[in-house]
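Colleague: I would like the atomic coordinates for the input below:
(one chain, ligands or ions: 2)
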Amino acid sequence: MVAPLLHFSSQPNPTRTSFRETALAHSEIEARKAVLRRSLLLNRITPLPSTNRRIVTTLTTLIYRSQARNVACVWPLPGEVDLRPLCRALWRLGRQICLPETPPRGQPLRFRRWHPGVSLRKGLFGTVYPAAPLCRPDLILVPVVGFDRCGGRLGYGGGYYDRTLARYRDLPAIGYAQASQEVTAVPAGRHDQPLSCLVTEREVLHFPS
Ligand SMILES: Nc1nc2c(c(=O)[nH]1)N(C=O)[C@@H](CNc1ccc(C(=O)N[C@@H](CCC(=O)O)C(=O)O)cc1)CN2
Ligand SMILES: Nc1ncnc2c1ncn2[C@@H]1O[C@H](COP(=O)(O)OP(=O)(O)OP(=O)(O)O)[C@@H](O)[C@H]1O
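Modeller: Ligands and ions are numbered 1, 2, ... in the order given. Okay, the predicted model is just below:
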């Protein structure tokens, strides 16, 4: 994937050279992200109940203190932190919950209202979403495959959350992960959207904009 671009290096035209450098940098970043993602997913351990509880408790407190009324949560995929107890807790506290529906690649997520007992439909990549009306979140929780201490985030590689956060730039975006998902540095791509903070079972990392 990276190699064919190298063949342009014999072009003397400076405009071409600068295009080549941009393209190379982008494909290099994608390639590095892919390697990191593979290794993180291979080594991922399903969270212990105590780890999951800590993350859910911290998120509940953070969100309860916020003004957010419509919270975009996440239904877990295998091996991920399980936010279902958070959905139920926030619902009991009077907040509205929505969950993402995964569209075909290249489009942002859309969110549908969730409440206890709502029927769930199977979506793409093993995801599920509520058979319920669309809603607009005012806070977005973001699942993470890997993260660094500077706000770098790596997902499954669909670009879904980047496209979605680009559409909702003013909203708080809170990442969550196990502490073991930390890496030294996630390569930063041109479409990557910043998180406001990230919660693990050990700490809350804040990322000022
Ligand atoms: N729980 C959860 N829901 C979510 C996300 C997520 O990260 N977690 N997403 C975040 O964007 C979106 C779905 N995005 C996804 C994009 C690609 C793959 C994917 O390629 N899965 C591989 C398996 C990868 C592996 O586990 O090795 C596959 O299905 O083959 C999965 C989810 C929306 N919903
Ligand atoms: N707003 C956007 N417009 C166009 N392309 C985008 C946008 N956001 C992301 N992409 C592209 O989508 C692809 C996947 O991006 P990336 O590897 O950053 O996904 P990810 O953050 O791991 O996944 P996700 O956001 O679904 O959790 C990349 O090629 C990236 O350039």
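Colleague: could you use CA atoms for every contact and neighbour count after this?
Modeller: Noted.
Colleague: please name the nearest non-neighbouring residue to residue 177.
Modeller: residue 200 (5.3 Å; C-alpha to C-alpha, 6 or more residues apart in numbering).
Colleague: what is the burial count for that neighbour?
Modeller: A count of nearby residues for residue 200, using other C-alpha atoms under 10 Å, gives 23.
Colleague: let the chain start at 56 from now.
Modeller: Got it, first residue is 56 now, which makes that one residue 255.
Colleague: can you pull the contacts of it?
Modeller: 109, 110, 231, 232, 233, 234 (C-alpha atoms under 8 Å, 6 or more residues apart in numbering).
Colleague: switch those over to a markdown table; also include neighbour count.
Modeller: Shown next, in a markdown table, are the contacts of residue 255 (neighbours: other C-alpha atoms under 10 Å):
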| residue | neighbour count |
| --- | --- |
| 109 | 16 |
| 110 | 23 |
| 231 | 27 |
| 232 | 23 |
| 233 | 24 |
| 234 | 15 |
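Colleague: inside helices: which ones of those?
Modeller: The helices, defined by DSSP state H, take in 109, 110 from these.
Colleague: between the contacts of residue 255, which sits nearest residue 245?
Modeller: Nearest to residue 245, judged by C-alpha to C-alpha, of the contacts of residue 255 is residue 231 at 22.0 Å.
Colleague: find me the pLDDT at the closest one, would you?
Modeller: Looking at residue 231, its pLDDT stands at 98.
Colleague: can you name the residues bridging to it?
Modeller: residue 198, residue 254 (DSSP bridges).
Colleague: next up, the contacts around it.
Modeller: Residue 231 touches 110, 136, 196, 197, 198, 199, 253, 254, 255, counting by C-alpha under 8 Å, 6+ apart.
Colleague: distance of residue 140 from ligand 1?
Modeller: Look at residue 140 and ligand 1: by C-alpha to the nearest ligand atom, to the nearest Å, they are 14 Å apart.
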